[in-house]
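Have a look at this fold, sequence not included:
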């Protein structure tokens with residue numbers, strides 16, 4: 001078998017790029033625009049019920065590409081909330097998955113002066129969830145489940161005492177890719 005000429009290799013590369021671009025455009029057209037907010041309705045038609053207490057809208061996003069390991073937020077994944085501080089007491093979290101991967105949100109206390117995003121990650125790509133105060137990981141439902149599917153939402157209501165908390169997605173590799181944020185309860 002003779003090796004391909006440089007010109008043939010270039011042509012194959014261009015054609016592959018065009019084909020992948022066409023597939024990406026078709027996928028975007030098929031999936032439609034992302035929607036988010038309170039009462040986020042997904043393709044399945046679910047919406048959160050009236051939530052008690054202070055409501056924190058949390059959005060899970062990703063760039064739809066491969067997760068790039070390593071420290072920090074290099075993976076293009078984020079977990080963001082519309083409140084950085086809330087009063088103690090009943091707090092409801094409405095978690096909207098605006099990404100292309102399944103996500104979750106786990107509530108963990110931040111001890112002492114620990115900084116969000118610095119928990120040790122195990123060999124399975126996850127952090128230790130010991131001490132969790134609750135999680136939203138059910139599609140179109142409250143509490144725990146198998147994860148919140150793309151373009152869907154899940155929710156959880158908890159009673160939070162004053163302190164600092166870290167909200168995380170603890171699916172393998174997601175924490176390392178940047179899916180965490182801090183919440184202060186006064």
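Sure thing, it's come through. These numbers were taken from a predicted model, which means no experiment stands behind them.

Can you tell me the SS state at the closest residue to residue 80 other than its chain neighbours?
Closest residue in space to residue 80, ignoring its immediate chain neighbours: residue 59 at 5.3 Å, by Cβ to Cβ, 6 or more residues apart in numbering. C-beta: built from backbone N, CA, C; applies to glycine. On the three-state scheme (DSSP: H, G, I helix; E, B strand; the rest coil), residue 59 is labelled strand.

Contacts only, for residue 59.
36, 78, 79, 80, 81, 95, 96, 98 (Cβ atoms under 8 Å, 6 or more residues apart in numbering).

Please name the bridge partners of the second one.
In this entry, residue 78 is beta-bridged to residue 61, by DSSP bridges.

Read off the pLDDT value for it.
In this model, residue 78 is scored at 92, pLDDT.

Show the pLDDT at the residue nearest in space to the middle of the chain.
By Cα atoms, centre = their mean, the mean C-alpha position of the chain lies nearest to residue 60, the distance being 3.1 Å. Note on residue 60: pLDDT of 93.

Excluding covalently adjacent residues, which one is nearest to it?
If the residues on either side of it in the chain are set aside, residue 60 comes closest to residue 103, at 3.8 Å by Cβ to Cβ, 6+ apart.

these two touch, right, that neighbour and residue 174?
Yes - taking contacts as Cβ atoms under 8 Å, residue 103 lies within contact range of residue 174: 6.9 Å.

one step back: mark which of the contacts of residue 59 are buried, thanks.
Buried subset of the contacts of residue 59 (neighbour count, 16 or more other Cβ atoms under 10 Å): 78, 79, 81, 95, 96, 98.

which of the residues in stretch 167-174 are buried?
Buried residues in stretch 167-174 (16+ other Cβ under 10 Å): 167, 168, 169, 170, 171, 173, 174.

quick one: terminal-to-terminal distance for that stretch?
12 Å (Cα to Cα, to the nearest Å).

Residues touching it, excluding its own?
Stretch 167-174 is contacted by residues 58, 60, 67, 69, 75, 77, 79, 81, 93, 101-108, 119, 124-127, 129, 147, 175, 179-183 when judged by Cβ under 8 Å, 6+ apart.

Break this protein into its domains for me.
With automatic domain parsing as the criterion, the domains of the chain are listed as 1-32, 54-185.

Doesn't residue 12 lie inside a strand?
No - counting by three-state DSSP, residue 12 falls outside a strand, being helix.

you'd agree the residue nearest to the centre of the chain is up against residue 100?
No - between residue 60 and residue 100 there is no contact under Cβ under 8 Å: 10.5 Å.
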